[in-house]
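Asker: Task: produce atomic coordinates for the following.
(chains A and B)
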Number of protein chains: 2
Amino acid sequence: MPAGGELAALERLAAILPPPPPGETWIGDDAAVLVAPPAAAALLFASDAVVAGVHVDLDLMSCADAGWKALVANVSDVAAMGGRPWRCVAAVTGASAAQLEQIGAGLAAAAERFACPLVGGDLAGGAQLVVSVAILGVAAGRPVLRSGARAGDTLLVTGPLGASAAGLRELKADRRAGGSTVEAHRRPLARVEEGIAAAEAGATAMIDVSDGLGLDLHRMAVASGVGVELDSVPVAAGASLDEALAGGEDYELVFAVPVPPAVIRRFASAGLRAPVVIGRCVENPAARLLGGSPFEPRGFEHTLG
Amino acid sequence: MPAGGELAALERLAAILPPPPPGETWIGDDAAVLVAPPAAAALLFASDAVVAGVHVDLDLMSCADAGWKALVANVSDVAAMGGRPWRCVAAVTGASAAQLEQIGAGLAAAAERFACPLVGGDLAGGAQLVVSVAILGVAAGRPVLRSGARAGDTLLVTGPLGASAAGLRELKADRRAGGSTVEAHRRPLARVEEGIAAAEAGATAMIDVSDGLGLDLHRMAVASGVGVELDSVPVAAGASLDEALAGGEDYELVFAVPVPPAVIRRFASAGLRAPVVIGRCVENPAARLLGGSPFEPRGFEHTLG
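Answerer: Numbers count the residues shown, from 1 in each chain, chains lettered A, B, ... in the order given. Alright, predicted model coming up:
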């Protein structure tokens, strides 16, 4: 078998991961064996891929960042349902042995940070680096879909937007750029506790800002059959309003609630940063207004040729 | 939003998939919502990717075949644990809109054939087509690992090997080739009922022949700390012994049992093709013998550069 081959790489990867709890078997078999969570809980299942040259520019960020980002994008999908991440698997294609070691480190760091162990996966060759992660999450209560918002609901976001896009802009201007926006681009955080707090406080619909507020909010509005009227959008320090509206990859959560004070109290009692009211859902399903003017449902949508 | 974009493609894909059962929400939200299976069962979680130019040659097979193959490779991982496939997600990168439609058709056909609905996923751009599937399976009893074989156990395989490699050879010689070996290459089948029967009849270790019998059996032997002595290997019609030993992608299951008659009766009573005895596990962990001569643990292992 070739040196630097699949088996050796898997062994190195397994060595940096924590051991499974009793009854579970992780990396090294055909499938990971998991002890099913309590039957009362709903399971959440999602997948998100990060492609070099599409989602990440490896001239501007490391393979470890790419691994982190792939896992966090998945954790954010679970967070946007009001769930808690539980276990994940990764299929990595097109990585060199050196890249794989970095990707593994980034995946392991994010897995530890979000308490979502990497339990298995697949390695294969390829001409382009792709890190595909699939995640299992658990919801204690009813998961929050995109489709439950009603006219009259208040819209809130868990934090200011645009930092990731601003960080990418700064890196393009200067590869050695640093600071909070660059960190937001390279190592975004998913809002797990915020998603759970929003769900518990009665959120009727929720989505994560992965592709851009304008586009993600549009998706929630379409799924719910409502329009949206925004008063203002919180812009992250160093970012422009355009980056906040269309930048994406901030992984803040946007959600609708009938009773905003309850959710604000719930965030406070959980020790979380206060969510920001940005507007409301309205009857007219075509409404897409910011400060009274139409906004475009723009953001990052993959063109499929 | 661009025509032929991600949203439109997702809508077309969702339209060909069956509707979810009550309580579940599939494609169209941040994550699929699943009703957790009974708490008594172990969950199985795995991921396998198919890369164009690595696992599949799109000059010789269709994108629908690639979708089928990606899903079946995952079903086979669950089958090799003695489990039943339950739900899957797919991340498809680098597909054109036309390719995506075909891949979706192949995924949907395999999902229906193996009763494993596609409940979500991700679409993204890229320079090379990659279909990454992740699967959830359920084991009614104790899952069968690779590591449980003991010296004295008999080794069996669920069917003849080498058909997939033979089919690829025939296609390379003539793109219009057809017949059972070509079908085995383009549309392999996973052995779900066989894996469950083997598990129920007391299999101590099991693995699917995905990379080649020599390499996969080597992996099982290493995990179990035993050697293997093979008397003979069943070769599929049209295939060579070398293709049977090193070809891979047959997705037959190889397993070890202490009491072969029990497993043979179990297969017969389930109406399954009789498994074939190929040899036994021995004390010497270095033994890799076929008909008394050493065999190489060869097969398809990805080189990671």
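Asker: Does the one helix or strand A:L215 maps to pack against any helices or strands, and if so which?
Answerer: According to DSSP states H and E, A:L215 maps onto helix A:213-224. The helices and strands touching helix A:213-224, judged by 3 or more Cβ pairs under 8 Å, 6 or more residues apart in numbering or on different chains; DSSP states H and E, are strand A:205-208, strand A:227-230, helix A:241-246, strand A:253-257, strand A:288-290. In this view, the C-beta of every residue, glycine as well, is placed from N, C-alpha and C.
Asker: export those to TSV and tack on mean neighbour count, distance to A:P21 and mean pLDDT?
Answerer: Below are these laid out as TSV (neighbours: other Cβ atoms under 10 Å in any protein chain shown; distance: least, Cβ to Cβ, whole Å; pLDDT from 0 to 100):
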stretch	mean neighbour count	distance to A:P21	mean pLDDT
strand A:205-208	28	28	98
strand A:227-230	21	43	98
helix A:241-246	20	41	94
strand A:253-257	28	29	98
strand A:288-290	19	47	96
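Asker: May I see those arranged in a markdown table, with distance to B:N74 as well?
Answerer: Formatted as a markdown table, these follow (distance: least, Cβ to Cβ, whole Å):
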| stretch | distance to B:N74 |
| --- | --- |
| strand A:205-208 | 26 |
| strand A:227-230 | 39 |
| helix A:241-246 | 36 |
| strand A:253-257 | 30 |
| strand A:288-290 | 40 |
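Asker: Just list the residues touching A:I264, thanks.
Answerer: A:A274, A:P275 (Cβ atoms under 8 Å, 6 or more residues apart in numbering or on different chains).
Asker: If you compare the directions of the helix or strand encompassing it and strand A:253-257, what angle comes out?
Answerer: For A:I264, the element it lies in under DSSP H and E is helix A:260-269. Using axes from the mean of the first three to the mean of the last three Cα atoms, to 10 degrees, the inter-axis angle of helix A:260-269 relative to strand A:253-257 is 140 degrees.
Asker: roughly how far out does helix A:260-269 sit from the chain middle?
Answerer: Chain-centre distance of helix A:260-269: 23 Å, with Cα atoms, centre = their mean, to the nearest Å.
Asker: Next secondary structure element downstream of it?
Answerer: That would be, after helix A:260-269 and using DSSP H and E, strand A:276-282.
Asker: Sheet partners, orientation included, of that following strand?
Answerer: strand A:154-157 (antiparallel), strand A:227-230 (antiparallel) (DSSP bridges).
Asker: List the contacts of the last one.
Answerer: It stands for strand A:227-230. Taking Cβ under 8 Å, 6+ apart as the rule, strand A:227-230 contacts A:151, A:155, A:217-218, A:221, A:278-291, A:295.
Asker: Which of these are buried, as a ChimeraX select command?
Answerer: To isolate the buried members of these in ChimeraX, using 16 or more other Cβ atoms under 10 Å in any protein chain shown:
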select /A:155,217,218,221,278,279,280,281,282,287,288,289,290,295
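Asker: Please render the strands paired with strand A:276-282 as TSV that adds distance to B:L213 to the earlier fields.
Answerer: Output for the strands paired with strand A:276-282, formatted as TSV (distance: least, Cβ to Cβ, whole Å):
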stretch	distance to B:L213
strand A:154-157	55
strand A:227-230	58
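Asker: Report the angle between the lowest-mean-pLDDT helix or strand in chain A and helix B:213-224.
Answerer: Across the helices and strands of chain A, mean pLDDT, DSSP states H and E gives its lowest value to helix A:6-15, namely a mean of 72. Orientation check (the same axes, to 10 degrees): helix A:6-15 against helix B:213-224 gives 30 degrees.
Asker: quick one on the thing from earlier: of all the helices and strands packed on helix A:213-224, which one is nearest B:G23?
Answerer: The closest of the helices and strands packed on helix A:213-224 to B:G23 is strand A:205-208. By Cβ to Cβ, the value is 18.4 Å.
Asker: thinking in terms of the whole chain, how far from its middle is the closest one?
Answerer: 11 Å.
Asker: Ok, stretch A:248-257 next?
Answerer: 9 Å.
Asker: do stretch A:235-247 as well
Answerer: For stretch A:235-247, the distance to the chain centre is 18 Å (Cα atoms, centre = their mean).
Asker: For the residue in the stretch 51-200 of chain A positioned nearest to chain B, name its beta-bridge partners.
Answerer: Relative to chain B, the nearest point of the stretch 51-200 of chain A is A:A134 (3.1 Å; Cβ to the nearest Cβ). Beta bridges link A:A134 to A:S47, A:V89, judged by DSSP bridges.
Asker: Quick one, grab the pLDDT at it.
Answerer: Note for A:A134: predicted pLDDT of 98.
Asker: A:R273 too?
Answerer: According to the model, A:R273 scores 97 on pLDDT.
Asker: what does A:F300 give?
Answerer: A:F300 is given a pLDDT of 67.
Asker: again with A:M81
Answerer: 97.
Asker: burial measure for the closest residue to it other than its chain neighbours, as a count.
Answerer: Among residues not flanking A:M81 along the chain, A:P143 sits closest, at 4.2 Å (Cβ to Cβ, 6 or more residues apart in numbering or on different chains). A:P143 has 27 neighbours, counted by other Cβ atoms under 10 Å in any protein chain shown.
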